[in-house]
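J.: How does the following fold in three dimensions:
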Amino acid sequence: CHSRLELARSGQGSLIEQDRAGELNELAAWAERTGDGSLGDLPHEPSSEVWDEVSAEADLCTRLKCPYYHDRCFVFNARRRAADADVVVVNHHLLASDIAVRSNTENWQDAAVLPPYKRLVLDEAHHLEDTAAHHLGAQVSWHGIVRLLGRLERNGKGLIPALIAHLLGPRHDDLWSEASLELLRNALLPAVHDARAHAAKVLQFLAELLQGNRGSVIRLDDQFGEHPIWEQGLDPALDNLVNVLQRLKGGVETVADRLELDEDPDQRSQHVKELRGVIRRLESVLDGMLLTLRPKHGMQTVRWIERRGSRPVGTLPFPIGLQTVPLDLKTTLKEALFDRVDTVVLTSATLATSGDFEFLKGRLGLSLPPSRSKYEEVLASPFDYDTQCLLAVPADFPNPRTDESEHDRAMAAAILDLAHVCDGGMFVLFTSHAALKRTAQRVRAQPGGRWPILVQGEGQRDHLLRRFRESGSAILFGTDSFWEGVDVPGRALRALCIAKLPFKVPGEPITAARLEQLAERGEDGFMQYLVPHAALKLKQGFGRLIRSKTDFGVVVLLDHRIVSQGYGQLLMRSLPDARRLIGTWDEVRSSAEEFFAVHGVGVGVSH
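T.: This next block holds a predicted model:
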């Protein structure tokens, strides 16, 4: 935002820490030459402290009052292009943000986050439920609270010191300015200090809960209101935090109201917008805290606290987040999206389970009466999987659920075996970061490996993919973000290893709540929720390999439950009709050698 950038630069002494001033000046130089002003166009990602001061945010925009609005505003230009366009392409998060804003404001006709639209093509539509849940819920973190309070005051910098300095100027010797100065100095500065202290106290109690828990997530159920921690001090600590945030919000609102009467509307309008933005964020923190810790009776939500990052939870800064999401989005999605537009087309390579769309339609509310679904069809793949692909399942592999360490060991050996057969060019997909790290470490420790090992987390995804394509013989270890949305056509990718069946973790808060909801209805959550989700995910992972009619390769699923358990048939039916082999690991390796020999890939010497 040019206006926020100018405000930050003009008040460097009171907005930005001195050691960040150089970074702000570099951003200013970049802003003069960038084509779109987007974060992705920056050669280096800026610090969050500096970017928070200059990023374009809808609720801070002064629109027509801004001197940059008509010709230089990056956001306005992007929105103008979108409004003039016949087709606008956005990601799911932007769409979900638009739905949330329209629902809150009951705006179904005019521009919100996106221009108004009547036709929607929703690709990868199986993600809509989870994405919408997070945007229609509330979340709070210690990091977010610190950043918000830091916008008001941080080591003598921030909006409050900047406003104090401004009001001490020669043009502001009236009673309004004196009253605002007193409020800023004697009420708001102490309130910011108190808010930090009370927030730290609340987070300390939640940290103690997490420390006493084996996992990194605690779901808060209806019985949480009776937990002893409330009598141990959480109750008054939360009261104190709510009171000081409400006091801070009221004081900031009073200052903003007074500034709107200032005789210098151009610069003050930006200060007022900054303060109004802080007010909305203070409301968001209050809502998030109360919705998570003290929800109103009967609210159908899933609530939890979680550890974020690897820092110990009992130390500052607290790596803790609180989150609340709606439990059931069927009605919301139907009323706020599907019934509001003339046409919605849902597409994906993985919408169907067991040959129909009933699972997805049920989750998204498309089956609710009156149903508007008019047309549905499962379209055949253009690929000849029977000749292009071999799907192999080693039936003698250790069970990943009951014998994790043996499965790890066998998997590392199998990856190297397969790499010798196809000379690298392999994706290895995991369902957890921990398993990925353990296996990557084992593979790297083995002698004789001549293939570049690329590991998610050791570089940006696009950078890893570029190195993978350029190498032609690399082995890439990835988790969730590599199961879909990754396109490597050609010979660079010729083998795919899937570590285990991609079931959702039953203890994860949203999953656990949805399983309980199904159980209350007398339905089998495993077969009606977990298995269909696993089928969709498995199909997505499988789809990384064959991306064109000339691609070929081997998919090895190192989890024999797909053939040894009854539900495995449902998972198998969701996969393309590739040539299939179920046998010992030796038989799998031999079949892979034969397959690659037919396709002209040299066979290495097995170690």
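J.: what's around the nearest residue to residue 360 once chain neighbours are set aside, how many residues?
T.: Excluding the flanking residues, the one nearest residue 360 by C-beta to C-beta, 6 or more residues apart in numbering is residue 351, at 5.5 Å. From N, CA and C alone the C-beta is placed, and that goes for glycine too. Neighbours of residue 351 under the rule other C-beta atoms under 10 Å: 19.
J.: contacting residues for residue 351?
T.: Contact analysis of residue 351 by C-beta atoms under 8 Å, 6 or more residues apart in numbering lists 125, 126, 357, 360, 536.
J.: let's see 7 Å
T.: 125, 126, 357, 360 (C-beta atoms under 7 Å, 6 or more residues apart in numbering).
J.: what about it, distance to residue 429?
T.: Per C-beta to C-beta, to the nearest Å, residue 351 is found 21 Å from residue 429.
J.: Would you mark the buried spots in stretch 105-114?
T.: 112, 113, 114 (16 or more other C-beta atoms under 10 Å).
J.: what does stretch 389-401 give?
T.: Buried residues in stretch 389-401, counted by 16+ other C-beta under 10 Å: 389, 390, 391, 392, 393, 394, 397, 398, 400.
J.: Please put the alpha-carbon coordinates of it into PDB.
T.: C-alpha atoms of stretch 389-401 as PDB (Å, rounded to 0.1, in the frame of the first residue of the first chain):
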ATOM      1  CA  CYS A 389       1.600 -47.600 -15.300                       C
ATOM      2  CA  LEU A 390       2.300 -50.500 -12.900                       C
ATOM      3  CA  LEU A 391       0.700 -50.400  -9.400                       C
ATOM      4  CA  ALA A 392       2.500 -52.800  -7.000                       C
ATOM      5  CA  VAL A 393       1.800 -53.600  -3.400                       C
ATOM      6  CA  PRO A 394       4.300 -55.700  -1.500                       C
ATOM      7  CA  ALA A 395       2.200 -58.000   0.700                       C
ATOM      8  CA  ASP A 396       5.100 -59.000   2.900                       C
ATOM      9  CA  PHE A 397       5.900 -55.500   4.100                       C
ATOM     10  CA  PRO A 398       5.600 -54.700   7.900                       C
ATOM     11  CA  ASN A 399       2.400 -53.100   9.000                       C
ATOM     12  CA  PRO A 400       3.000 -49.400   9.400                       C
ATOM     13  CA  ARG A 401       0.400 -49.100  12.200                       C
END
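J.: picking that back up, can you pull the phi/psi pair for the residue nearest to residue 360?
T.: Note on residue 351: its backbone torsions stand at phi -80, psi -30 [degrees, to the nearest 10].
J.: what's the pLDDT at it?
T.: Residue 351 is assigned a predicted lDDT (pLDDT) of 84.
J.: And it, how far from residue 123?
T.: From residue 351 to residue 123 the distance is 10 Å (C-beta to C-beta).
J.: Helices of the stretch 351-500 of the chain, start to end?
T.: Using DSSP state H, counting those that start in this stretch, the helices found in the stretch 351-500 of the chain span residues 358-364, 385-388, 404-422, 433-445, 461-471.
J.: Please dump those into a markdown table; it should also carry distance to residue 545, mean pLDDT and mean neighbour count for every row.
T.: What follows is these, written out as a markdown table (distance: least, C-beta to C-beta, whole Å; pLDDT from 0 to 100; neighbours: other C-beta atoms under 10 Å):
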| stretch | distance to residue 545 | mean pLDDT | mean neighbour count |
| --- | --- | --- | --- |
| helix 358-364 | 24 | 89 | 19 |
| helix 385-388 | 9 | 94 | 15 |
| helix 404-422 | 12 | 93 | 20 |
| helix 433-445 | 19 | 92 | 16 |
| helix 461-471 | 13 | 90 | 15 |
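J.: Which secondary structure state is assigned to residue 3?
T.: Using DSSP: H, G, I helix; E, B strand; the rest coil, the structure places residue 3 in helix.
J.: Wait, it touches residue 66, no?
T.: Yes - using C-beta atoms under 7 Å, residue 3 is in contact with residue 66, at 5.0 Å.
J.: Would you mind telling me which of the two has the busier surroundings?
T.: residue 3 (24 against 20).
J.: where exactly do the strands run in the protein?
T.: 119-122, 138-141, 217-219, 301-307, 320-326, 343-346, 389-394, 426-429, 453-455, 475-478, 495-498, 553-557, 579-583 (DSSP state E).
J.: what residue ranges in the stretch 1-150 of the chain score low on pLDDT?
T.: For the stretch 1-150 of the chain, the stretches with pLDDT under 70 are 11-19, 58-60.
J.: What are the boundaries of the helices in it?
T.: Using DSSP H, counting those that start in this stretch, helices in the stretch 1-150 of the chain cover 2-10, 12-15, 21-33, 48-54, 74-84, 92-105, 128-135, 142-152.
J.: Between helix 21-33 and the fifth one, find me the angle.
T.: With axes from the mean of the first three to the mean of the last three C-alpha atoms, to 10 degrees as the basis, helix 74-84 and helix 21-33 are set at 30 degrees to each other.
J.: quick one: helix 74-84 to helix 2-10, angle?
T.: Using the same axes, to 10 degrees: helix 74-84 against helix 2-10 is 180 degrees.
J.: The chain should start at 297 in everything you say after this.
T.: Okay, residue one is now 297; in that scheme the one you just asked about reads as helix 370-380.
J.: which residues does residue 882 contact?
T.: Counting by C-beta under 7 Å, 6+ apart, residue 882 touches no other residue.
J.: if we can go back for a sec, closest one to residue 621 among the helices of the stretch 297-446 of the chain?
T.: Residue 621 lies closest, by C-beta to C-beta, to one member of the helices of the stretch 297-446 of the chain: helix 424-431, at 4.3 Å.
J.: angle of the closest one against helix 388-401?
T.: Using the same axes, to 10 degrees, helix 424-431 lies at 60 degrees relative to helix 388-401.
J.: Report all helices and strands that helix 424-431 contacts.
T.: Helix 424-431 sits against helix 388-401, strand 616-622, helix 654-660, with contacts defined as 3 or more C-beta pairs under 7 Å, 6 or more residues apart in numbering; DSSP states H and E.
J.: top helix in the protein by residue count?
T.: Ranked by number of residues, the top helix in the chain under DSSP state H is helix 561-589.
J.: hang on, residue 712 packs against residue 739?
T.: Yes - using C-beta under 7 Å, residue 712 is in contact with residue 739, at 6.3 Å.
J.: For the closest residue to residue 750 other than its chain neighbours, list the residues it contacts.
T.: Sequence neighbours aside, residue 772 is the residue nearest to residue 750 in space, at 4.4 Å (criterion: C-beta to C-beta, 6+ apart). Going by C-beta under 7 Å, 6+ apart, residue 772 touches 723, 724, 750, 760, 764.
J.: quick one on the thing from earlier: could I get the buried residues of stretch 685-697 as JSON lines with distance to residue 893?
T.: Below are the buried residues of stretch 685-697 laid out as JSON lines (distance: C-beta to C-beta, whole Å):
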{"residue": "685", "distance to residue 893": "16"}
{"residue": "686", "distance to residue 893": "12"}
{"residue": "687", "distance to residue 893": "18"}
{"residue": "688", "distance to residue 893": "15"}
{"residue": "689", "distance to residue 893": "21"}
{"residue": "690", "distance to residue 893": "20"}
{"residue": "693", "distance to residue 893": "24"}
{"residue": "694", "distance to residue 893": "29"}
{"residue": "696", "distance to residue 893": "30"}
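J.: Please dump these into CSV; it should also carry distance to residue 577 and pLDDT for every row.
T.: Putting the buried residues of stretch 685-697 into CSV (distance: C-beta to C-beta, whole Å; pLDDT from 0 to 100) gives the following:
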residue, distance to residue 577, pLDDT
685, 50, 96
686, 54, 97
687, 50, 97
688, 53, 97
689, 51, 97
690, 53, 96
693, 51, 93
694, 50, 92
696, 43, 89
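J.: between those, which is nearest residue 439?
T.: Among the buried residues of stretch 685-697, and counting by C-beta to C-beta, the member closest to residue 439 is residue 696, at 34.3 Å.
J.: quick one: the closest one and residue 707, what's the gap?
T.: According to C-beta to C-beta, residue 696 stands 8 Å off from residue 707.
J.: Check residue 332 too.
T.: From residue 332 to residue 707 the distance is 44 Å (C-beta to C-beta).
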